[in-house]
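1. Let's see this in three dimensions:
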Amino acid sequence: QVQLLESGGGLVQAGGSLRLSCAASASGFSISAMGWYRQAPGQERELVTTIARDGSTNVADSVKGRFAISRDIAKNTVYLQMNSLKNEDTAVYYCYARMSLRGSGLGDFSYWGQGTQVTVSS
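-> This next block holds a predicted model:
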């Protein structure tokens, strides 16, 4: 069974920083990518940033230069360091993982965490 356990959300003032963590519990699975999406009230879920198995990253323009993704491969964990936070960064942040079951012959499937709230106040 796959679980993505997020932590680190909360309330922060504009200009401040937060660090999110996501640990994947995925015995028997091969992880091809992990990352973060976010969803603000009344809006669709959008990409924040992802990191692939080879270390390549994909970063939304809105967070470039402010947010950074990193990982601990041994722990199946990704981190999102968020600096210079703005009011518009307020959203529920979802951990994402793309994984395949080893030996199944099946392709990748997407998995999501339960979400963690990030609120940036003025």
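2. partner residues bridging the residue sitting nearest the centre point of the chain?
-> Central residue of the chain (Cα atoms, centre = their mean): Trp36, 2.3 Å from the mean position. With DSSP bridges as the criterion, Trp36 is bridged to Thr49, Cys95.
3. What about Ser27, how many residues nearby?
-> Neighbour count for Ser27, taken as other Cβ atoms under 10 Å: 9. (Glycine included, C-beta is placed from N, CA and C.)
4. measure it to Asn76 for me?
-> 10 Å (Cβ to Cβ, to the nearest Å).
5. returning to what we had before: surely the residue nearest to the centre of the chain touches Ala97?
-> No - using Cβ atoms under 8 Å, Trp36 makes no contact with Ala97, being 10.5 Å away.
6. between those two, what contacts are shared?
-> Common neighbours of Trp36 and Ala97, counting by Cβ atoms under 8 Å, 6 or more residues apart in numbering, are Cys22.
7. rewinding a little: contact partners for the residue nearest to the centre of the chain?
-> Contacts of Trp36 by Cβ under 8 Å, 6+ apart are 20, 22, 48-50, 69, 78, 80, 93-96.
8. Would you check that Gly113 makes contact with Cys95?
-> Yes - counting by Cβ under 8 Å, Cys95 is a contact partner of Gly113 at 3.5 Å.
9. Show me which of those two is the more surrounded one.
-> More neighbours surround Cys95 than the other of Gly113 and Cys95, with 26 against 21 (other Cβ under 10 Å).
10. And the more buried one, how far from Gly105?
-> 26 Å.
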